[in-house]
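S.K.: Predicted coordinates and the sequence they were generated for:
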Amino acid sequence: EHDIEANGYLYRVLTLCGLGISFTGVSNHGSMGEHQISHYIDCFAGERHPGTLHGTQVGVASLTMARLQQAMLASDKPPMVKATNIDPDDMVRRMGPAVAAQCLDELRKKAFDETAAAAFNERLQELWPTLRQELKQFMVPVDEMQRLLKSTGGPISAAELGTPADF
């Protein structure tokens, strides 16, 4: 529909992502849970894959992540992270040696050990009151996200996506 406002949002997001790449030195700095869910479907659904595209899967998974975000921002207490548990042998078993090695390299860039997790939690505790209020200003309610996805004809649930319930 050539929605100028929607294009404005898109360009702002792309600009911020470009800045994020400059700051972090990696292109997947913003790959959050919604992308991980989509990649999980792609990698492990096998014959049960619904045949949907990455972007469609990300759209549905974004609703799940938004629900988690709303719950976190509703709390006066910040979320707490733990050290990242990486099982290289299991990754090799599921992905094969070559792909597992690539994934491990990328995963380790974002991983926390116990010390890093404790430092992050301490800093988040200090920042949480202000950060929480700032983030709430940018949060798009799940109902609004569902409305927008529906308006494009896109699915809004795993069932509508065609993902088997037992997957």
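M.R.: Perfect, I can see it now. In this text, all values refer to a predicted model and were calculated from it rather than measured experimentally.
S.K.: Low-confidence regions, this structure specifically.
M.R.: 1, 26-31 (pLDDT under 70).
S.K.: switch to 90 and redo it
M.R.: Applying pLDDT under 90 to the chain picks out residues 1-36, 39-40, 43-44, 46, 94-95, 103, 106-110, 138, 167.
S.K.: And the helices in it?
M.R.: For the chain, applying DSSP state H gives helices covering 4-24, 33-44, 54-73, 88-95, 97-110, 114-138, 142-151, 158-161.
S.K.: So which elements touch the shortest one?
M.R.: The criterion is 3 or more C-beta pairs under 8 Å, 6 or more residues apart in numbering; DSSP states H and E, and the helices and strands that helix 158-161 contacts are helix 54-73. (C-beta placed from N, C-alpha, C; glycine too.)
S.K.: Buried ones in the helix it packs on, by neighbour count?
M.R.: 56-63, 65-66, 69 (16 or more other C-beta atoms under 10 Å).
S.K.: Adding distance to Phe167, write the helices of the chain out as a markdown table.
M.R.: Shown next, in a markdown table, are the helices of the chain (distance: least, C-beta to C-beta, whole Å):
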| stretch | distance to Phe167 |
| --- | --- |
| helix 4-24 | 29 |
| helix 33-44 | 8 |
| helix 54-73 | 12 |
| helix 88-95 | 15 |
| helix 97-110 | 20 |
| helix 114-138 | 30 |
| helix 142-151 | 21 |
| helix 158-161 | 8 |
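S.K.: so which of those helices gets nearest Met80?
M.R.: Closest of the helices of the chain to Met80 is helix 114-138, at 5.2 Å (criterion: C-beta to C-beta).
S.K.: ok now the closest one, how far from the chain's centre?
M.R.: A distance of 18 Å separates the centroid of the chain from that of helix 114-138, by C-alpha atoms, centre = their mean, to the nearest Å.
S.K.: Leaving out sequence neighbours, find the closest residue to Thr56.
M.R.: Distances taken as C-beta to C-beta, 6 or more residues apart in numbering put Gly154 closest to Thr56, at 6.3 Å, once the chain neighbours are dropped.
S.K.: Report the buried residues of stretch 124-141.
M.R.: For stretch 124-141, by 16+ other C-beta under 10 Å, it's 128, 132.
S.K.: quick one: it to chain centroid distance?
M.R.: Mean-position distance between stretch 124-141 and its chain equals 17 Å (C-alpha atoms, centre = their mean).
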